[in-house]
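Novice: Test case, fold it:
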Amino acid sequence: MKHTRTSLILLFATLGILSIHGCKKSGERPSDETGNGVRLKHLTATGQVAAALDAYMQGYQAAGDGSFTNTGRYPDVPHSYYYTVNFKWDIDGNAYAWRSISSQAGMGKDTKAEILAGDPDAEEVLDGRLGKPPYENVFAIRYRDNDKDNWWYELHLRLAHINQDNQVISFSGSFGPTENEEPVAPEPPSSAVAISAMLTLVEPIDTN
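Specialist: Next up, the predicted model:
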């Protein structure tokens with residue numbers, strides 16, 4: 001995904017071109033580097049984000065108006081597009097749980113290997129939906145030690161195949177006000193549920 005003179009170089013180049021055309025003619029699905037895949041939905045208000053996540057936020061209510069930056073004409077480049085929306089669940093009148101969802105475009109062109117190498121506390125989430133159509137450009141990571149007090153997932157959308165920077169969705173949570181409330185605090189969502197929630201915030205890339 002991600003050799004000795006002129007004649008050999010030309011030979012390899014020719015073979016590469018033939019290989020590319022052969023794949024197209026055979027109707028093979030594109031890889032995560034060349035397929036369309038998905039990108040962030042263009043959501044610009046807290047209500048839109050809350051509605052998309054409704055099935056995964058039972059008990060939680062949006063806290064505040066969220067924070068949105070939306071300049072340019074997303075998805076056309078150049079643009080600056082990112083947001084954060086927080087959710088709160090008042091569990092028993094004393095304890096509460098927090099969840100936060102953040103999405104950001106313009107995250108550079110690092111590969112999956114580079115992103116994982118840059119965060120030793122993270123591990124890849126293996127999910128059968130990711131890395132194949134329609135999510136061929138998507139992978140997910142999480143804390144190795146997610147717990148009630150501090151959990152975190154990220155969904156990475158690689159857009160190098162359309163010459164754009166990566167995008168990322170972060171889903172995290174905690175509880176409060178003190179560690180004494182841990183018995184009533186909710187468990188972190190499973191990896192499958194967290195990924196399902198974040199996938200509601202993406203849409204297919206239309207290159208037409």
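
Novice: Help me confirm that Ala51 is found in a helix?
Specialist: Yes - under DSSP: H, G, I helix; E, B strand; the rest coil, Ala51 falls within a helix.

Novice: can you tell me how far it sits from Leu157?
Specialist: Distance check for Ala51 against Leu157: by CB to CB, to the nearest Å, it reads 21 Å. Placement of C-beta: from N, CA and C, glycine included.

Novice: Comparing those two, which residue is more hemmed in?
Specialist: Leu157 (24 against 12; other CB atoms under 10 Å).

Novice: Quick check: phi and psi at Ala194.
Specialist: Main-chain torsions, Ala194, degrees, to the nearest 10: phi -60, psi -40.

Novice: same question but for Val138, I mixed them up
Specialist: phi -120, psi 140.

Novice: per-residue confidence at it?
Specialist: We have a pLDDT of 97 for Val138.

Novice: Repeat that for Ile17.
Specialist: 34.

Novice: now swap in the one 10 residues further on and tell me
Specialist: According to the prediction, Gly27 has pLDDT 34.

Novice: need the contact list for the closest residue to Glu181 other than its chain neighbours.
Specialist: In space, Glu181 comes closest to Ala95 once its chain neighbours are excluded; the distance is 3.7 Å by CB to CB, 6 or more residues apart in numbering. By CB atoms under 8 Å, 6 or more residues apart in numbering, the residues touching Ala95 are Phe175, Gly176, Pro177, Glu181, Val184, Ala185.

Novice: out of these, who's nearest Pro204?
Specialist: Nearest to Pro204 out of the contacts of Ala95 is Phe175 (CB to CB; 35.6 Å).

Novice: Leaving out sequence neighbours, find the closest residue to the closest one.
Specialist: Ala185 (3.8 Å).

Novice: ok so, going back, looking at the contacts of Ala95, which are in strands?
Specialist: Phe175, Gly176 (DSSP state E).

Novice: Now for His161, how many residues are close by?
Specialist: 18.

Novice: And for Ile91?
Specialist: 15.

Novice: pLDDT wise, what is it at?
Specialist: 88.

Novice: so who does it touch?
Specialist: Residues in contact with Ile91 (CB under 8 Å, 6+ apart) are Ala97, Phe175, Glu181, Val184, Ala185, Pro186.

Novice: ok, now Leu201?
Specialist: Leu40, Lys41, Leu43, Val49, Ala52, Leu53, Ile101, Ser103, Ile169.
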